[in-house]
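Novice: need coordinates for the following:
(one chain, ligands or ions: 2)
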Amino acid sequence: MRTDYHDCFGQVFNNWHYHHCQRHATVERDGKWYCASHDPIKVVERREKSHQKYLAKCCPCGWELKEYWSYCPHCGKRKEAKL
Ligand SMILES: [Zn+2]
Ligand SMILES: [Zn+2]
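Specialist: Numbering: from 1, shown residues only. Ligands and ions are numbered 1, 2, ... in the order given. Next up is the predicted model:
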């Protein structure tokens, strides 16, 4: 068996169970190996990005705004134009 081959330490949720990711690991983090999609740094980045995306849709009061609303139904504030 080749020593430079590592299985990904990441887990995938499938059929209501966690399974070890079967993919070929390409990055090492803290002595553990991960494939490109389970790289913990990428996972955090992805989570951060989707959180930012969520926040961008929200009114400063915290209410999630729909695309087609021009006013926040919660506090009545006019929705700011987002680029
Ligand atoms: Zn993986
Ligand atoms: Zn609001």
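
Novice: show me what from the chain comes close to ligand 2.
Specialist: Remark: the part of the chain in contact with ligand 2 comprises 59, 61, 63, 72, 74-75, 77, using C-beta under 5 Å from the ion. From N, CA and C alone the C-beta is placed, and that goes for glycine too.

Novice: any chance of those residues in JSON lines with distance to Trp33 as columns?
Specialist: As requested, these are arranged in JSON lines below (distance: C-beta to C-beta, whole Å):
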{"residue": "Cys59", "distance to Trp33": "43"}
{"residue": "Cys61", "distance to Trp33": "44"}
{"residue": "Trp63", "distance to Trp33": "42"}
{"residue": "Cys72", "distance to Trp33": "46"}
{"residue": "His74", "distance to Trp33": "46"}
{"residue": "Cys75", "distance to Trp33": "48"}
{"residue": "Lys77", "distance to Trp33": "48"}
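
Novice: residues near the residue lying closest to Pro60 once chain neighbours are set aside, how many?
Specialist: If the residues on either side of it in the chain are set aside, Pro60 comes closest to Lys77, at 7.0 Å by C-beta to C-beta, 6 or more residues apart in numbering. Close neighbours of Lys77, defined as other C-beta atoms under 10 Å, add up to 13.

Novice: ok, Tyr54 next?
Specialist: Using other C-beta under 10 Å, Tyr54 is surrounded by 10 other residues.

Novice: state the distance from it to ligand 2.
Specialist: Between Tyr54 and ligand 2 the computed distance is 15 Å (C-beta to the ion, to the nearest Å).

Novice: ok, now which ones touch that residue?
Specialist: Glu64 (C-beta atoms under 8 Å, 6 or more residues apart in numbering).

Novice: good, wrapping up.
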